[in-house]
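*Asks:* Generate coordinates for the sequence data below:
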Amino acid sequence: MKQRAWISAMGCVWGRVGCAIGLCASVASAQEPPTEPPSEPAPPPPAPAQPPPLLSDEAWAELEAYTESALVAFDVPGAALALIQDGQIQRVGTFGVLGVDDPAPVDEETRFMIGSVTKSMTTTLAATLVSEGRLEWDDPVSDYLPSFALSNSDWTPLVRIRDALGHTSGVPRSDLSLFIDFHRPMGLIESVADIPAVTAPGERFEYQNQVFAVGGFALARAAGARNRNDDLASTYERLMQRRVFNPLRMRRTTFDFQAAIRDDNHAFPHAMDAATAGAGSIAIGHERFALPVAPAGAVWSSITDMARYLAMHLREGVSVDGARLVSASALEETHTAQTVLEGSTGYGLGWGVSEGPLGKVLAHGGGTAGFISQVVGAPSVDYGWVILTNSIDGIRLVSAVGRHLSELVFGLPPQGDADLVAAHAEQEAGLAQFLSTLAPVDADSVADYLGRYERRLTLSHEADELVVGTVYGELRFKAVPEQEGLFFCTTNFLLGAPAQLATDEQGRAKFSIGFGVENGALVNPIIAARLGDERPRHPGHPHGKPHGKPHGVAAAQRAFDWRQLANARRSNDAPDHLEFSRRFSGPGLQ
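*Replies:* Model (predicted):
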C-alpha cells in the first residue's frame, strides 16, 4: 500500500488502519542443497522505518485551528489532543468546553471517559503479573474464577486469559444488556453463561466486553483477591492504581465514577440532538453502564495522563521519566496480533495491531454513551497521538483530526474532510427524518403494560412517550404509526433501538428491547416480565403474541448504523422504520 494512503488511514479507528504484511523468505535445508537455483534472488529486507520530523510550531498552530473548526463542523463541544514523538510528549492541545450546559473550557487536566481504551490498561496490568511469574497468558480463566462458565460447559476450561483479553472466547458481543442490567463482579461472571457461545474458544474473534471484564477480575484473583464481589473489584482497581497509574504519574486517572463527576473539571457526555441539529447532553448517570465491566471500559482520564500512558507503550515499557513499568517481552505480547481480522489487520491483547511503512502500529478506540477517544502509536518510529472528545459523534472528528495530523507530520498533500462532513450532514438529516415519522404514544394503548418489571425496570407514560426507567436513568420511546405495540427509542445515545410489548403464555406482560428488527421480530432481544402478573391482561393474545401487529410489518430492510446513519433514507416519503433500524447496534464499549 502506498505510504500516503496508509498514513492517512491512521486517522481512522483501528479496524480500518491500512497495513501491509512483509513475507519472510524460507530457509533451504542444510542437509540437501536444492537441485536447481531459484529463478529470482530473494528480495532484500525492507529498510527500517525512519522517525518522522518533529512537528513545527507553525504546523501545530495550523492543526489547532483546524481542530477548533472541526468541533463546529461535527457538533462536538470539547476535545483534547496530544502528540508523542522522540520518546516525549511534544504537544498538547485543548479545545472547546466541558459541555453544552457547562461553558468552562477544556484544559490539560479535564477528565474524559476513555471507554475501551481501558482495555489496553488492563492488559498492561496483566503483563506486569506475567513479568513476575504470577500469571501465564494461557492459564484457564476458570482456574481463577470457579463460577465462570460458558453456555457450552465443555468449552469452559478452554477459555484462557489470552482468549478473554484477546476477544477469542467464542462468546458474541452483547452490549445492549449493559445499558439495562447492573451486575457486581460475581453476577457478571455468572451472567456470561446466559450468552450463547457461537464457537469454541480460540477459534474466532468476537469482540466481547463482559468476558474481557471477567479476564480483568481473573487478574485480581491471580494477585491474591478473594472470590468475592468487593474484593475482586477493589483489588483490580488497587492493582491498576499501584502498577500502572501511580508509576506513570497518571494523577487524573481513576475508576471512581463518583469522584470523577464530583470534580468540577470533568467533561459531560453528548450525542447528536436531531431536534436542534447539534450536540445534545446525555444524563451522566447513563455512563455508569460501564461500571460492571470496569476492566473493559470504565476509566476516566485526562489528555496529559493519556499522553504519558501512550509514551510508555512507545518506549517498550519505560515511562517518560525513565522508569521501567513492565518487561519488554511481556508488553510485546500485548502488542502481538492474536487473531487476523480484515486483510492484514489483527487484534492483540487490548490493542488493534497492523504492519505498514512505519512498522507496527497499535491503535484502539473508545466509545461510551457520550464519549469517543482514540489512541494510535507506532513504536518503531516513536510516534503516536491521543484524542479525547465528549461526544459519541466525536468519531468523525477523531478521523478528521488524525488524518490532518498525519498529513502535517509527514508532509503529505491534504486529503480534505468533505467525505466526513457530508456523512455528518447526512446523519443529521436522517435522524430528523426518522424522528418526524414517529408518533406520540397513546396513554390508553399502553395502560395495561405499565408497572414494575424484572431487571429493575419500570414502565410509565409521560408527555406522549413510553418511559422505561433503568438503574442508570430513563429511556424514552415513541410509537410507530399503524404498528401498535412497536416503539423506537428517542433517547439520543440509543436512538433507533426498537422495543415491543407482548403477553406470554402465562399472561404476563413483557417488555422487550433489541438490536433491530428482522422479519417482524426483535434481534437478540432483552426481555423482562412484569412483576406480579398472574393472569392474561389481553385475552385476545393468550399465546404470547405482541400487543398489536408489529410482526406484520413489511421488511424492505436496510442497515441503520447508530453512529453513522450514512444509509438512512432521506426521501420525502415516510421511511420504513424497520429499514431504518434493522441492524441497530447501539452504543457500548467500542
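
*Asks:* so how many other residues sit close to Ser406?
*Replies:* Ser406 has 23 neighbouring residues, counting by other Cβ atoms under 10 Å. For the C-beta atoms, the positions are set from N, CA and C on the backbone; glycine is no exception.

*Asks:* So which elements touch the helix or strand hosting it?
*Replies:* Element membership of Ser406 [criterion: DSSP states H and E] is helix 394-410. Contact partners of helix 394-410 among helices and strands, from 3 or more Cβ pairs under 8 Å, 6 or more residues apart in numbering; DSSP states H and E: helix 3-9, helix 57-73, strand 78-85, strand 359-367, strand 372-378, strand 383-389, helix 418-436.

*Asks:* go with 7 Å
*Replies:* helix 3-9, helix 57-73, strand 78-85, strand 372-378, strand 383-389, helix 418-436 (3 or more Cβ pairs under 7 Å, 6 or more residues apart in numbering; DSSP states H and E).

*Asks:* continuing past the last one, what's the next helix or strand?
*Replies:* What that stands for is helix 418-436. helix 443-446.

*Asks:* Tell me which residues of that following helix come out buried.
*Replies:* Within helix 443-446, the residues scored as buried using 16 or more other Cβ atoms under 10 Å are Ser445, Val446.

*Asks:* Run through who's touching it.
*Replies:* Residues outside helix 443-446 that contact it (Cβ atoms under 7 Å, 6 or more residues apart in numbering): His461, Leu466, Glu484, Leu501.

*Asks:* Show me which of the residues you listed is closest to Arg111.
*Replies:* Leu466 (34.1 Å; Cβ to Cβ).

*Asks:* So what's the residue count around that closest one?
*Replies:* Leu466 has 25 nearby residues by other Cβ under 10 Å.

*Asks:* Pull up the pairing partners for whichever strand or helix holds it, direction included.
*Replies:* Using DSSP H and E, Leu466 sits in strand 465-469. Strand 465-469 sits in its sheet next to strand 457-462 (antiparallel), strand 474-479 (antiparallel), going by DSSP bridges.

*Asks:* List every C-alpha atom in the last one, with coordinates, as CSV.
*Replies:* The C-alpha trace of strand 474-479 is given here as CSV (Å, rounded to 0.1, in the frame of the first residue of the first chain):
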residue,chain,number,x,y,z
GLU,A,474,-34.7,6.9,31.8
LEU,A,475,-35.1,5.8,28.2
ARG,A,476,-37.9,7.3,26.1
PHE,A,477,-39.8,5.8,23.3
LYS,A,478,-42.3,6.9,20.6
ALA,A,479,-44.7,4.8,18.6
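
*Asks:* what pLDDT, on average, does it get?
*Replies:* Regarding strand 474-479, the rounded mean pLDDT is 97.

*Asks:* Not counting its own residues, what contacts that strand?
*Replies:* Contacts of strand 474-479 (Cβ under 7 Å, 6+ apart): 438-441, 465-468, 487-491, 494, 499.

*Asks:* and of the helices and strands packed on helix 394-410, who's closest to Arg162?
*Replies:* strand 372-378 (21.5 Å).

*Asks:* Name the surrounding residues that touch the closest one.
*Replies:* Against strand 372-378 from outside (Cβ under 7 Å, 6+ apart): 10, 13, 112, 114-115, 117, 306, 310, 313-314, 358-366, 384-389, 391-392, 394-395, 398, 402.

*Asks:* re the thing from before, switch the contacts of helix 443-446 over to JSON lines, and while doing so, append distance to Val92 to every line.
*Replies:* Shown next, in JSON lines, are these (distance: Cβ to Cβ, whole Å):
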{"residue": "His461", "distance to Val92": "49"}
{"residue": "Leu466", "distance to Val92": "45"}
{"residue": "Glu484", "distance to Val92": "55"}
{"residue": "Leu501", "distance to Val92": "51"}
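
*Asks:* Please identify which of these is nearest to Ile282.
*Replies:* Leu466 (19.1 Å).

*Asks:* For that closest one, list the residues it contacts.
*Replies:* Counting by Cβ under 7 Å, 6+ apart, Leu466 has contacts Val441, Val446, Leu459, Phe477, Phe487.

*Asks:* Pop the domain breakdown of this protein in here.
*Replies:* As assigned by automatic domain parsing, the chain contains the domains 57-416, 435-581.

*Asks:* Ok, which of those domains comes nearest Ala429?
*Replies:* Here domain 435-581 is closest among those (Cβ to Cβ), at 5.5 Å.

*Asks:* And stretch 473-492, end to end?
*Replies:* 13 Å (Cα to Cα, to the nearest Å).

*Asks:* Can you report how many residues neighbour Thr276?
*Replies:* 12.

*Asks:* I'd assumed it was in a strand, is it?
*Replies:* No - looking at Thr276 with DSSP: H, G, I helix; E, B strand; the rest coil, it is coil, so not inside a strand.

*Asks:* Next one: it from Glu428, what distance?
*Replies:* 10 Å (Cβ to Cβ, to the nearest Å).

*Asks:* what's the overlap in contacts for these two?
*Replies:* In contact with both Thr276 and Glu428: no residue, using Cβ under 7 Å, 6+ apart.

*Asks:* Can you give me the distance of Asp264 to Glu109?
*Replies:* Asp264 is 11 Å from Glu109, by Cβ to Cβ.

*Asks:* Settle it for me: which of these two has more neighbours?
*Replies:* Relative neighbour count places Glu109 above the other of Asp264 and Glu109, with 16 against 9, counting by other Cβ under 10 Å.

*Asks:* How about the contacts made by that one?
*Replies:* By Cβ under 7 Å, 6+ apart, the neighbours of Glu109 are Arg252, Asn265, Ser302, Thr304.

*Asks:* phi, psi of it?
*Replies:* phi -100, psi 0 (degrees, to the nearest 10).

*Asks:* before we move on, what SS does Gly322 have?
*Replies:* coil.

*Asks:* what's around it, how many residues?
*Replies:* By other Cβ under 10 Å, neighbour count at Gly322 equals 8.

*Asks:* Tell me how far it lies from Met312.
*Replies:* 11 Å.

*Asks:* again with Ser445
*Replies:* According to Cβ to Cβ, Ser445 and Met312 sit 57 Å apart.

*Asks:* and what of Thr389?
*Replies:* 23 Å.

*Asks:* Those two: who's more crowded?
*Replies:* Thr389 (34 against 24).

*Asks:* now the strands for the stretch 101-250 of the chain?
*Replies:* All strands of the stretch 101-250 of the chain, identified by DSSP state E, counting those that start in this stretch, fall at 102-105, 112-113.

*Asks:* and those as a markdown table, adding mean neighbour count and distance to Leu54?
*Replies:* Converted to a markdown table, the strands of the stretch 101-250 of the chain look like this (neighbours: other Cβ atoms under 10 Å; distance: least, Cβ to Cβ, whole Å):
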| stretch | mean neighbour count | distance to Leu54 |
| --- | --- | --- |
| strand 102-105 | 13 | 27 |
| strand 112-113 | 30 | 26 |
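
*Asks:* Adding distance to Gly352 and mean pLDDT as columns, could you present those in a markdown table?
*Replies:* Below are the strands of the stretch 101-250 of the chain laid out as a markdown table (distance: least, Cβ to Cβ, whole Å; pLDDT from 0 to 100):
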| stretch | distance to Gly352 | mean pLDDT |
| --- | --- | --- |
| strand 102-105 | 32 | 97 |
| strand 112-113 | 20 | 98 |
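
*Asks:* TSV for those strands, including distance to Gly133?
*Replies:* Below are the strands of the stretch 101-250 of the chain laid out as TSV (distance: least, Cβ to Cβ, whole Å):
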stretch	distance to Gly133
strand 102-105	47
strand 112-113	34
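
*Asks:* if we compare those strands, which one ends up closest to Ala423?
*Replies:* Here strand 112-113 is closest among these (Cβ to Cβ), at 23.3 Å.
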